[in-house]
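Asks: Got a sequence here, can you build the structure:
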Amino acid sequence: MPFIQVSTSTGNINFHYTISTPTCANAESIDNGLPVLLFFHAMAFHTIFHSQFHDPLLRKFNLVTFHLRFHGETTCDKIPRTYGAEDAAEDVVALMDALQLPPCHFVAMDMGSLIAVQIAITKPEKALSLFIMSHLCLEELPEVHQARSELYDLWFSDLPDAHMDVAVGFTQYAFSSRLSNFAQALMNYCHCINIKNWDLNHKIEYGLATYHFFIQRQHYSQETLSQIACPVKLIQGGNNLVYPESYTQEFVHNLKKAGVDVSWLTIPNAPHY
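Replies: Numbers count the residues shown, from 1 in each chain. Here you go, the predicted structure:
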């Protein structure tokens, strides 16, 4: 995966990214004759989309993914105290411009859903469609807020095996109680990098880029959602133990009320991720 540097109003970022085309799993540039799918990863699992990019049967288009601030191999000189979806959206738009990407089809999961939706609101010309799995586009549920707070405190505690306990907690959040071999391998790989990015020397950055990013989010107003000009598809996991189906139904209702072309689908037995 190569790197590219961008500058935004909140700092300088060295983005780690991947471009996959039908002929190359790690290409230098996109195929200009094909649509571009831009992938927005979930919290803590910065490589969640990558394994499928090696399958030539799935690489029918340009597939572009990247690591967010304080995730994976992306680095930055600072992170603003008020870092949220608007700042992250500005980051990604700068990345799109630096890579000279045309308007894209956004594929987003969990944390990435907030950023993809924000771009569709503030820069609607950049988004051709939104395909969103496990959205987080409403205010945080009280019980999930509490769980996030407990995991945040545990991560920086002096308790033995605290980091692994938090990793297991987030993995259960992501994959429910059914942890496949792939999910276990993904957790193990990402955990090694997360420990480096989110150590005691980066406690403030960890809080801003993850914990506060989640708990400070608010509902979008009807007027704000009406800025979305592309079709939206929402995917809900039928075995999602964190966010009930009603959470997705509420967001669908809000989008329809704002005049957005939206549909949704529940995948039976699927977890949050």
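
Asks: For Lys123, grab the count of nearby residues.
Replies: 16 (other C-beta atoms under 10 Å). (Each C-beta comes from the backbone N, C-alpha and C, glycine too.)

Asks: again with the one 3 residues further on
Replies: By the measure other C-beta under 10 Å, the count of residues near Lys126 is 21.

Asks: For Ala127, see how far away the most centrally placed residue in the chain is.
Replies: In the chain, the residue lying closest to the centroid (C-alpha atoms, centre = their mean) is Gly112, at 2.2 Å. Separation of Gly112 from Ala127 (C-beta to C-beta, to the nearest Å): 13 Å.

Asks: again with Tyr243
Replies: 23 Å.

Asks: And for Ile48?
Replies: Ile48 is 21 Å from Ala127, by C-beta to C-beta.

Asks: what do you get for Leu38?
Replies: Distance of Leu38 to Ala127, given as C-beta to C-beta: 9 Å.

Asks: same check, this time on Arg59
Replies: Going from Arg59 to Ala127 by C-beta to C-beta gives 22 Å.

Asks: More neighbours: those two, which one.
Replies: Ranked by neighbour count (other C-beta under 10 Å), Arg59 and Ala127 place Ala127 first, with 22 against 19.

Asks: Contacts only, for that one.
Replies: Contact analysis of Ala127 by C-beta atoms under 8 Å, 6 or more residues apart in numbering lists Pro103, Cys104, His105, Phe106, Ala116, Ile119, Ala120, Ile228, Ala229, Cys230.

Asks: how many neighbours does the last one have?
Replies: Here the neighbour count serves as a burial measure; for Cys230 (other C-beta under 10 Å) it reads 17.

Asks: so what pLDDT did it get?
Replies: At Cys230, the predicted lDDT confidence score is 99.

Asks: Isn't it up against Lys123?
Replies: No: counting by C-beta atoms under 8 Å, Cys230 sits too far from Lys123 to count as a contact (11.3 Å).

Asks: wouldn't Val260 be in contact with Leu225 here?
Replies: Yes: with contacts counted by C-beta under 8 Å, Val260 reaches Leu225, the gap being 6.1 Å.

Asks: sec struct for Leu136, please.
Replies: When classified by DSSP: H, G, I helix; E, B strand; the rest coil, Leu136 comes out as coil.

Asks: And the strands in the stretch 151-273 of the chain?
Replies: 232-237, 262-267 (DSSP state E, counting those that start in this stretch).

Asks: With respect to Asn188, which of those strands lies nearest?
Replies: Among these, the nearest to Asn188 by C-beta to C-beta is strand 232-237 (22.0 Å).

Asks: Show me what the closest one is packed up against.
Replies: Packing partners of strand 232-237 (3 or more C-beta pairs under 8 Å, 6 or more residues apart in numbering; DSSP states H and E): strand 127-133, helix 245-257, strand 262-267.

Asks: quick one, that strand and strand 127-133 angle?
Replies: 10 degrees (axes from the mean of the first three to the mean of the last three C-alpha atoms, to 10 degrees).

Asks: which outside residues touch strand 232-237?
Replies: Here strand 232-237 has contacts from 120, 129-135, 176, 243, 245, 248, 251-252, 255, 260-267, 270-273, using C-beta under 8 Å, 6+ apart.

Asks: again, but for stretch 54-66
Replies: 15-22, 25, 30-31, 34-39, 41, 49-50, 52-53, 74, 92, 95, 99, 101, 104.

Asks: now the residue nearest to the centre of the chain: how far from Leu159?
Replies: In terms of C-beta to C-beta, Gly112 sits 30 Å off from Leu159.

Asks: do the same with Val64
Replies: 40 Å.

Asks: And Val252, by the same measure?
Replies: Relative to Leu159, and taking C-beta to C-beta, Val252 is found at 41 Å.
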